[in-house]
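Enquirer: Quick one, what's the 3D model for this:
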Amino acid sequence: MSDVISHKGVVRKVGERETLVEILSTSACAGCHAAGLCTSFESARKEVRVPTDPSLGCRVGEEVEVLLAPKMGMKAVLLSYVIPLGILMILIVSLSFTDLHELIVGAVGLGGMAVYYLFLYLFRGRIRKEYVFSISKQHK
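Expert: Residues are numbered from 1 along each chain as shown. Next comes the predicted model:
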């Protein structure tokens, strides 16, 4: 399954529509090329909501793998890091050619990033719909 991003996890709750899986941070994350950017590397515990697949028959406490398409991981990096950095750089570079004080230029740059993150927050429901995780049972 090298064509998907996967993390080991434990099923915490199985509902009719959603299954709650707690992702376990392991030392294998340190070897990942995106370990420095991934929030699951920094936190010991991360909960993920996955659409329930009745055919899998997952039970609470069972170990599973949470899967996500690589393009969704790259899109998350783009939305979280690349676009805000671009906004910051464009604002700071373009405003540095004006007669504005450096403190104001920096504040406007940070304000531009704050507005961007506000838009992300306001549209989080729409963004969340695009990130569909799936579950695969662990083979022993």
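
Enquirer: Please make it C-alpha for all contacts and neighbour counts, starting now.
Expert: Noted.

Enquirer: pLDDT-wise, which helix or strand of this structure ranks last?
Expert: Of all helical and strand segments in the chain, the minimum by mean pLDDT, DSSP states H and E falls on helix 39-42, at a mean of 52.

Enquirer: how about the strands of the chain, start to end?
Expert: For the chain, the strands defined by DSSP state E cover 5-14, 18-24, 45-51, 63-68, 134-137.

Enquirer: Make a markdown table out of those strands and add mean neighbour count, distance to Phe119 and mean pLDDT.
Expert: Shown next, in a markdown table, are the strands of the chain (neighbours: other CA atoms under 10 Å; distance: least, CA to CA, whole Å; pLDDT from 0 to 100):
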| stretch | mean neighbour count | distance to Phe119 | mean pLDDT |
| --- | --- | --- | --- |
| strand 5-14 | 19 | 27 | 84 |
| strand 18-24 | 21 | 26 | 83 |
| strand 45-51 | 16 | 22 | 81 |
| strand 63-68 | 21 | 24 | 84 |
| strand 134-137 | 18 | 27 | 80 |
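
Enquirer: Any chance of a markdown table for those, columns distance to Leu100?
Expert: Shown next, in a markdown table, are the strands of the chain (distance: least, CA to CA, whole Å):
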| stretch | distance to Leu100 |
| --- | --- |
| strand 5-14 | 45 |
| strand 18-24 | 47 |
| strand 45-51 | 43 |
| strand 63-68 | 45 |
| strand 134-137 | 50 |
